[in-house]
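*Asks:* dropping the sequence and predicted coords here.
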Amino acid sequence: MTSLNDKLEHAHEIVEDSNPTNNTDFQTIISRRLNRRSILKGGTGLTAAAFFGAIPLVGCSDDDDDISSPIGDNGNDAAIPAQGDLKRPETLKFNAVAHSTAETMTVADGYKAEIILPLGTPLMSGIEDWKDNREQSAESFEWRMGDNHDGMWFFGKKGNAYDAKASENGLLVMNHEYVNSEELSPFGYYVVEDKDAAPLFRNRRLASDVRREVNCHGVAVVEMKRRADGKGYEMVPNSKYNRRVTSSTTAQLAGPVAGSDLVKTKFDPTGYQTRGINNNCGAGLSPWGTYLTTEENFLGVFARGQDASQLSAGHDYGRVRYGAKENTPGSRYLWHTPDAKDATIVDEFSRWDMTAAGANAVEDYRNNFNTFGYITEIDPFDQNSISQKRTAMGRFAHENCAYAPVEQGKPVVFYMGDDARGEYIYKFVSKATWSNSDIGGGLKAGDKYLNDGTLYVAIFNEDGSGEWKALVHGQNGLDASNSDLPFNGQDEVLIFARAAADVLGATKMDRPEWVSVSPITGEVYITLTNNTNRGVKDDQPLSASNPRSYTVDGKRSGNENGHIIRWAEAGGDHAALSFEWDIYLFATPYDLSAENLSRLSESNDLSSPDGLYFDPRGVLWIQTDDGAYTDTTNCMLLAALPGKVSDGTTATTSAGQQTRVGMAASNDNIKRFFVGPEGCEVTGITLTPDFKTLFINIQHPGNSWGAVAGGSIPRSATVMITKEDGGVILAESFDSATSTT
């Protein structure tokens, strides 16, 4: 069996654990002074109803199955189109896909899965097709599909504008999270060793390899049109919309951090611009129709030498809190190491070295690290626009970003997870209130809603309640008196959001990944993919919200399989400061009986849930990025029909921790829909507005999956899933599927 740590290191280059606090431990000790049995019986005043989350629902009529307005009765039909007389299904009627460890992919009966847009696909004519010799120039990747496709969205297009109801033509926008160097370079992973060099430069990369990898990160925008047979799509070659945004493309810093002394660099001494977006993982849509990409494992591309004496103690701590320790060359990327004489642009490689080496910050790139780790907004319809890093939403290893149903005259709310062991869950509440007139407003609408607002971090209490605490300078101890890292302004609170959340006592979670909001209940779901340190390290003890730690093959493995947690905001108001939560689903092999608290079967068991997406009909799609169950099955995509917070019971894990679990899984409410090829992660997902095409992405496949005809080099790619009869995806599970617009 592949070790989980090895798999994760391969999949994301680095799985970080840099949280030194005992936040969860503090909460757990306080909560456990109360008798759990009396809490559940209401004996301490915390009633069972409060624990079970009896909260009014958002956007629901008396008939929970009616989704004719899938974002609720808020007048915003243009944001997510109404779907005629489609009804939310009560059961899933397709035949579940069996476990598979094959080199190929498998999809449910009646469906077709095709590989499109693999690594290296040219977006413009005049660029040669990918060849197995991998000798395409590094520069050409500015106009090719990048590597390791991840989060994405299909933007309906009518004429030259965004149209959320359009399906004949659209822009498919997707992330490229990282690179597989061995498959990308004609030399494989090639390093020149120099034992006499300074520690950061003892292993040097080739300039062409680094340049190729830099161009393979970022985002691709690809215009797609319906194929002549009416089933699926094909790329529009030479479209004016086809473009790449890479780790070399200029990006704007927007919001409270813009202009801060902590983001001034040699590249931009004013602190308003940086060069590149990086390690783009999950993604989201804005209510006004732009793409929100996320910077996750940006730590891995930066090196740091010995420079703590050049920094204040607080700012040194701030770096370390994001995993950037002294004398660390970063991950295997080593982008800072090519010889400067090989650079084609100023500071092409030295910008990846954050060492404080100059007389001040504008003579080096010590602050370049602080310009990464943000939600970045891209307008796919304006090919000349500059991407905007929305700093008000905080800086951390963003996995994805999902907004709550918008309502005229109320703030816009976004939810986010920080994907590292023992990190936190956040939400952002805009200062501006929503107006339907901003749909299609592009980056100007983003300026209105995303540059000014309040960032909150979540605390999950043992009794099933929760609260949001604001990360605002001058509140909750976030000021210059803080001992580890004095906060001198809101810019520092946001740049060092992790350290600020530490001060507020946020709950350390089991790697918060994708988040999605139910269009039926308004409840928020987030995957906690796994955490091998849970219950193993003293600073990550068991808690009700992270309740599992178990032994596998005689070795203590923490929470190896992960779970999905959900919550309902108080009063159905997403701007509320309190919520009720339970655990929707515990992932586990079906035959691991002591941990199978959700009663999974062979047709729906899973491990390490990662990608998560509610479609407008209320179907929840769950993707996995796993290394713990791959002897039995490759990573997968499941379809599910969740209930709501409080629909289950209490449970006690094998480690003796009591918690709250949602209703049991069955073949009616969750099934395996797709299994990917051996060695892969299944990630990224979007559905066309007519529900006839589902796009997902495959990262780091094994063997020769995705290779050119007759070739052997595997390539990450998008998978396009359609019904063989050209109909609606999951139509067999719906009462009516004939009217979709």
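*Replies:* Nice, thanks for sending it over.

*Asks:* and stretch 143-159, how far apart are its ends?
*Replies:* The straight-line separation of the ends of stretch 143-159 (CA to CA, to the nearest Å) is 24 Å.

*Asks:* what ranges of the stretch 451-600 of the chain fall below the confidence cut-off?
*Replies:* Counting by pLDDT under 70, the stretch 451-600 of the chain contains no low-confidence range.

*Asks:* what about the helices in it?
*Replies:* In the stretch 451-600 of the chain, the helices defined using DSSP state H, counting those that start in this stretch lie at 490-495, 497-503.

*Asks:* now the ones you listed in TSV, with mean neighbour count and distance to residue 578?
*Replies:* Using the backbone N, CA and C atoms, a C-beta is placed for each residue, glycine as well. Below are those laid out as TSV (neighbours: other CB atoms under 10 Å; distance: least, CB to CB, whole Å):
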stretch	mean neighbour count	distance to residue 578
helix 490-495	26	22
helix 497-503	26	17
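
*Asks:* quick one, which of the ones you listed is nearest to residue 175?
*Replies:* Ranking the helices of the stretch 451-600 of the chain by proximity to residue 175 (CB to CB) places helix 497-503 first, at 21.1 Å.

*Asks:* tell me which residues are up against that closest one.
*Replies:* Applying CB atoms under 8 Å, 6 or more residues apart in numbering, the contact partners of helix 497-503 are 18-19, 21, 23, 317-318, 321-322, 394-396, 418, 423-424, 426, 455, 457, 471, 476-478, 482, 484-485, 487, 493-494.

*Asks:* again, only this time at 7 Å
*Replies:* Contact with helix 497-503 is made by 21, 23, 317-318, 321-322, 394-396, 423-424, 455, 457, 471, 476-478, 482, 484-485, 487, 493, as judged by CB atoms under 7 Å, 6 or more residues apart in numbering.

*Asks:* please apply the same query to stretch 331-345.
*Replies:* 13-14, 181, 189, 200-201, 203-207, 210, 213-214, 300-301, 303, 349-350, 352-353.

*Asks:* next, the buried residues of that stretch.
*Replies:* Within stretch 331-345, the residues that count as buried by 16 or more other CB atoms under 10 Å are 331, 333-338.

*Asks:* now the helices of the stretch 451-600 of the chain as CSV including distance to residue 112?
*Replies:* Conversion of the helices of the stretch 451-600 of the chain to CSV gives the following (distance: least, CB to CB, whole Å):
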stretch, distance to residue 112
helix 490-495, 46
helix 497-503, 44
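
*Asks:* mind checking which of these is nearest residue 247?
*Replies:* helix 490-495 (19.9 Å).

*Asks:* just the C-alpha atoms of that closest one, please, in CSV.
*Replies:* This file holds the C-alpha atoms of helix 490-495, laid out as CSV (Å, rounded to 0.1, in the frame of the first residue of the first chain):
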residue,chain,number,x,y,z
GLN,A,490,-5.1,45.5,9.2
ASP,A,491,-2.6,44.8,6.5
GLU,A,492,-0.5,42.7,9.0
VAL,A,493,-3.7,40.9,10.2
LEU,A,494,-4.5,39.8,6.7
ILE,A,495,-0.9,39.0,5.6
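
*Asks:* ok now it, how far from the chain's centre?
*Replies:* 22 Å (CA atoms, centre = their mean, to the nearest Å).

*Asks:* excluding its backbone neighbours, what's nearest residue 227?
*Replies:* Spatial nearest neighbour of residue 227, chain neighbours left out: residue 234 (5.3 Å); criterion: CB to CB, 6 or more residues apart in numbering.

*Asks:* what's near enough to touch the one you found?
*Replies:* 224-225, 227.

*Asks:* with neighbour count, pLDDT and secondary structure added, can I get these in JSON lines?
*Replies:* Listed next are the contacts of residue 234 as JSON lines, based on neighbours: other CB atoms under 10 Å; pLDDT from 0 to 100; DSSP: H, G, I helix; E, B strand; the rest coil:
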{"residue": "224", "neighbour count": "26", "pLDDT": "98", "secondary structure": "strand"}
{"residue": "225", "neighbour count": "14", "pLDDT": "98", "secondary structure": "strand"}
{"residue": "227", "neighbour count": "12", "pLDDT": "97", "secondary structure": "coil"}
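
*Asks:* closest one of those residues to residue 264?
*Replies:* For the contacts of residue 234, the nearest to residue 264 is residue 224 (40.4 Å; CB to CB).

*Asks:* so residue 598 touches residue 664, yeah?
*Replies:* Yes. The pair residue 598 / residue 664 is scored as a contact, 6.3 Å apart, by CB atoms under 7 Å.

*Asks:* of the two, who's got more company?
*Replies:* In this view residue 598 and residue 664 are compared by other CB atoms under 10 Å, and residue 598 has more residues nearby, 26 against 16.

*Asks:* returning to that earlier point: and the contacts of helix 497-503, which are buried?
*Replies:* Among the contacts of helix 497-503, those buried by neighbour count (16+ other CB under 10 Å) are 21, 23, 317-318, 321-322, 394-396, 423-424, 455, 457, 471, 478, 482, 485, 487, 493.

*Asks:* just checking, next helix/strand downstream of the worst-scoring helix or strand of the chain on mean pLDDT?
*Replies:* Lowest mean confidence among the helices and strands of the chain (mean pLDDT, DSSP states H and E): helix 48-52, at a mean of 26. Downstream of helix 48-52, the first helix or strand assigned by DSSP states H and E is strand 106-107.

*Asks:* how about residues contacting that next one?
*Replies:* With CB under 7 Å, 6+ apart, strand 106-107 has contacts from 97, 100, 113, 674-675, 721.

*Asks:* per-residue confidence for the residue nearest to residue 181 when sequence neighbours are not counted?
*Replies:* Spatial nearest neighbour of residue 181, chain neighbours left out: residue 189 (4.2 Å); criterion: CB to CB, 6+ apart. If you check residue 189, the pLDDT there is 96.

*Asks:* next, residue 189: secondary structure please.
*Replies:* What DSSP: H, G, I helix; E, B strand; the rest coil gives for residue 189 is coil.

*Asks:* how close does it get to residue 686?
*Replies:* 32 Å (CB to CB, to the nearest Å).

*Asks:* residues touching the closest residue to residue 369 other than its chain neighbours, list them.
*Replies:* Of all residues not flanking residue 369 in the chain, residue 354 sits nearest, at 4.3 Å (CB to CB, 6+ apart). By CB under 7 Å, 6+ apart, residue 354 lies in contact with 302-304, 324, 365-366, 368-369.

*Asks:* switch the cut-off to 8 Å
*Replies:* 302-304, 319, 324, 365-369.

*Asks:* what of residue 217?
*Replies:* With CB under 8 Å, 6+ apart, residue 217 has these contacts: 146-147, 176-179, 246-247, 276-280.

*Asks:* how about it, nearest residue that isn't a chain neighbour?
*Replies:* Once flanking residues are discounted, residue 217 sits nearest to residue 247: 4.4 Å by CB to CB, 6+ apart.

*Asks:* which residues in the stretch 301-450 of the chain form strands?
*Replies:* With DSSP state E, counting those that start in this stretch applied, the stretch 301-450 of the chain shows strands at 375-378, 387-390, 398-403, 411-418, 421-423, 425-433, listed in chain order.

*Asks:* between those, which one is closest to residue 266.
*Replies:* Across the strands of the stretch 301-450 of the chain, residue 266 has its closest neighbour in strand 387-390 (18.2 Å, CB to CB).

*Asks:* next one: the closest one to chain centre, how far?
*Replies:* 17 Å.
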